[in-house]
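Undergrad: 3D model of this:
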Amino acid sequence: MASVSVFGIRHHGPGSARVLVRALDELAPDAVLIEGPPDAAPVVEFAADPGMRPPVALLVYEIDEPTHAVYYPFADFSPEWQALQWALRRGAAVRFIDLPQSLRPRTERPDDDASATPPVSETPASPTDPLEELARAAGFADGEAWWGQLIEERHAEANPLGLFTAIQDAMAAARAEIGAAAGGPLEPAREAFMRKSIRAALKEGFTSMAVVCGAWHAPMLSEEALKRHAARADDELLKGLSRRKTTATWIPWTYDRLSFSSGYGAGVTSPGWYEHLWSDPERRAERWLARVARLLRDEDLDAAPASVIESVRLAASLAGLRGRRTPGLEELSEATLSVLCHGNPAPLRVIERRLIVGDRLGDVAAGVPVVPLQRDLAAQQKSLRVKVTADEAVLDLDQRKETDLARSRLLHRLGILDIGWGTLEHDQRQRLSTFHEIWKLQWRPELAVKVIEAAHWGNTVADAAAAAVAYRARTATDLAALTAMLDHVVLADLPGAVGRLVQRIQDVSARSGDVGLVMDALPPLARVLRYGNVRGTETALVEPLAIGLAARVAVGLLSACASLDDDASAAMRDRIDAVHGALVTLGRDDMLRAWQEALTKVADADVHGGVAGRAARLLLDARAAAPDLSATRLSRALSPGNDPGQAAAWLEGFLAGSGLVLVHDHRLLAIVDTWLCHLSRDVFEQICPIARRTFATFEKPERRQIGEQIKRGASLEAPPPLETDDYDPARARLVEPVLRLILGDRWP
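TA: Model (predicted):
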């Protein structure tokens, strides 16, 4: 007569996995039925491939809507993985018996960035955790500690079959106490489908079957439960479920993602510790603390052997005080904090990230079915020697080198496809270099879904990125977004898309009467021209467009600055700074002259003080306005007859970001000092927040030098004439060739 043995385990539990393997060895079933997605049946056999190195996950997704995807992760210590490996090694039949994803209701994507976390399980978290109830009944503070001490931290079990019988009885009692519905609204359908799958296996003629499932389900899948729940009733429960087309594949997984709720509706918070329990069951405290000491030494922290010995003793003492046979993670962490970390929690956070959680990224077999886009991406990652890792890695690219240039193009193409493997860092070196890029790379398992989503654009990364750009160019109406897209297209080296995108930008800009939007569109075009020359990209189509938009901005700037409130003035200041920086970067004299003429009109017009002051400062820095004229504008803006609020706004616009102009020009400093000193108490209190906000943007040395000059007494007179200085023009000309070589195009 056929027998059905149910093994209730904890998902990703090393103790459960160890006892399960012993139970399977003792039972020797000819069929192993595992709680898992039947959708993945075509790829189950790949689990036996030597190239599969956990952590890995089954990715089940809808063929028509890849965003609707669920992961079923496995680690070496996962009972499901060990059951799968046991069945494949022994030649036993293996089946996944959980409710297929094709029959489950869809779940909504999170409101935040979907790339930040994996899709959640379709099974909501239980409002009443049975482990918590059992733990409280046993006198434990939480279910994690109770289950860990009772099951996971055990390394020997004389009667494995008896242990699973006890687990099933405990869960039956918990279900009777808190109600079967505590598992969630989908639980009845899941358990009905699992019973249906067991009945189907019985009809196939298997004589001994092992059912591996979450402990919560165990009482509902036993032989008694099969008799208690009629097959007709289970079929009726499943009748109303709608079916969708799904497919599955294997993908690499990471330990930190094992903490997320997944297809099982469960996760673990300490996968690195669980791996240690699985791989080092003997003398685990000593070996764990030795690993901790090695990590601390790698981080240049002191970890003497004597401290390790003392930590082991302290952990054992804590375990004894708490009635535990051996130290658990809690005792080991407390001993580590007290002895090895000397009470400092900062190193403990490193230990938690690197050891307790872990940073391992798994590998999948080469023959696992993938979409063509994923195959092309993997080939490029290999050929360009870019390591795919779960750690955050920094990639410093010199685009004068062919390999680095190809890496940059790949990362920009992936960015167009919303596959966020790399993030471009905008640091000081990159701002000063046209060939330098710094990327932060980190591969997250959910990016596999992004690759599958992008596969409909094309079979290679380049083709897919070009097709995505072509579609977005046809549908986009925002001018700034279009020019930003052009920046990506040029950096991604998609020449076929440049012409279409430029034409679309011209069409949209021609219909736009908002000068602010045109200003937003200009800086990306300047970056395109700047990078295009370095990368050898054709920019002939972009240059006329940039010239035309710059002319429109110069003509319309004054009218765009009229009638602005404080918030609109701040936004316009940012736009003016961005356009000014872009035009200075391009270095086109004709464009700069038109722009400086527009700034002159704004600086002398009756507009918001913040905008007028900023225009005056940019003209002064560019030497398009003489120091005397700038002093006159400052004096006029701060004259007693003006509104103090507008005067303070003008000063903020003029000085924001840098106080060097006050350090080197005594007249300007004296004007500001005199204005502040002659303000009444009430007016000073009114404008003080603006003045403090302005001076807070100065560097500390600038503030110190300004204070020293004020202390000495800044004079309204000009600084000493050049003849009294020790400046020697003849000697200065000797270094001019070297400066020209260093500064290149930036030489004034």
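Undergrad: Can you name the next helix or strand after the lowest-mean-pLDDT helix or strand in the chain?
TA: The weakest-scoring helix or strand in the chain, judged by mean pLDDT, DSSP states H and E, is helix 428-431 (a mean of 46). Downstream of helix 428-431, the next assigned helix or strand under DSSP states H and E is strand 436-441.
Undergrad: Describe which strands that following strand pairs with in its sheet and in which direction.
TA: Its sheet considered, strand 436-441 pairs with strand 393-398 (antiparallel), strand 422-425 (antiparallel) by DSSP bridges.
Undergrad: residue contacts, residue 562?
TA: Counting by CB atoms under 8 Å, 6 or more residues apart in numbering, residue 562 touches 605, 607. From N, CA and C alone the C-beta is placed, and that goes for glycine too.
Undergrad: give me phi/psi at it?
TA: When quoted as degrees, to the nearest 10, the phi and psi of residue 562 stand at phi -80, psi 150.
Undergrad: how near is it to residue 512?
TA: With distances taken as CB to CB, to the nearest Å, residue 562 is found 18 Å from residue 512.
Undergrad: Now tell me what touches stretch 339-354 from outside.
TA: By CB under 8 Å, 6+ apart, stretch 339-354 touches 272, 289, 292-293, 295-296, 299, 301, 303, 307-308, 310-311, 314, 333, 336-337, 359.
Undergrad: scratch that, stretch 603-612 is what I was asking about
TA: 558, 561-562, 564-566, 568-570, 572-573, 576, 602, 615-616, 619, 625, 633, 637, 646-653.
Undergrad: So which of the residues you listed belong to helices?
TA: 558, 566, 568-570, 572-573, 576, 602, 615-616, 619, 633, 637, 646-653 (DSSP state H).
Undergrad: Give me the nearest residue to residue 364, chain neighbours excluded.
TA: residue 250 (4.5 Å; CB to CB, 6 or more residues apart in numbering).
Undergrad: Please tell me how far residue 553 sits from residue 527.
TA: 16 Å.
Undergrad: what about the two, which has more around it?
TA: Between residue 553 and residue 527, residue 553 has the larger neighbour count (other CB atoms under 10 Å), namely 25 against 19.
Undergrad: who's in contact with the helix or strand containing that one?
TA: Using DSSP H and E, residue 553 maps to helix 542-560. For helix 542-560, the surrounding residues in contact (CB under 8 Å, 6+ apart) are 486, 490, 498, 502, 505-506, 509, 515-516, 518-519, 521-522, 525-526, 528-529, 532, 572, 576, 579, 583, 586, 588, 591, 594-595, 597-599, 601-602, 605, 607.
Undergrad: With just CA atoms, put it into CSV.
TA: Provided in CSV are the C-alpha atoms of helix 542-560 (Å, rounded to 0.1, in the frame of the first residue of the first chain):
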residue,chain,number,x,y,z
VAL,A,542,23.4,68.4,-32.4
GLU,A,543,25.5,71.5,-32.8
PRO,A,544,22.9,73.5,-34.9
LEU,A,545,20.2,72.5,-32.4
ALA,A,546,22.3,73.8,-29.5
ILE,A,547,23.0,77.0,-31.2
GLY,A,548,19.4,77.6,-32.0
LEU,A,549,18.2,76.9,-28.4
ALA,A,550,21.0,79.1,-27.0
ALA,A,551,19.8,82.0,-29.2
ARG,A,552,16.2,81.5,-28.1
VAL,A,553,17.3,81.6,-24.5
ALA,A,554,19.3,84.8,-25.0
VAL,A,555,16.4,86.5,-26.6
GLY,A,556,13.8,85.4,-24.1
LEU,A,557,15.8,85.5,-20.8
LEU,A,558,14.7,89.0,-19.7
SER,A,559,11.0,88.4,-20.2
ALA,A,560,11.3,85.0,-18.5
